[in-house]
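Student: below: sequence and its predicted model.
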Amino acid sequence: MFRLFKYLIYLAILAAIGLVGYAYVGPFFGVDFSAPQGEISVPVVLDAN
């Protein structure tokens, strides 16, 4: 049972390292992590007396 937990912890550590590595190396391969930028205009109707 302890062996299973040990392997799961190792897998979680490797996944975290892979995610951080992908975040740093991704832009070199054309992956764009920036949020789309643009102006959004939404009309608001206030019901005031």
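Tutor: Cool, got the structure.
Student: backbone dihedrals for Phe2, please?
Tutor: Main-chain dihedrals, Phe2, degrees, to the nearest 10: phi -60, psi -30.
Student: I meant Ala15, not that one.
Tutor: When quoted as degrees, to the nearest 10, the phi and psi of Ala15 stand at phi -70, psi -40.
Student: burial count for it?
Tutor: 10 (other C-beta atoms under 10 Å). Where C-beta positions appear, they are placed from N, C-alpha and C, glycine not excepted.
Student: and Ala12, how far from Tyr24?
Tutor: For Ala12, the distance to Tyr24 equals 19 Å [C-beta to C-beta, to the nearest Å].
Student: please apply the same query to Met1.
Tutor: Counting by C-beta to C-beta, the separation of Met1 from Tyr24 is 36 Å.
Student: more neighbours: these two, which one.
Tutor: Taking neighbours as other C-beta under 10 Å, Met1 and Tyr24 compare with Tyr24 leading, 9 against 5.
Student: could you look up the SS state of that one?
Tutor: Under the three-state scheme (DSSP: H, G, I helix; E, B strand; the rest coil), Tyr24 adopts helix.
Student: equivalent analysis for Leu4, please.
Tutor: At Leu4, secondary structure determined by three-state DSSP is helix.
Student: from Ala15, how far out is it?
Tutor: 16 Å.
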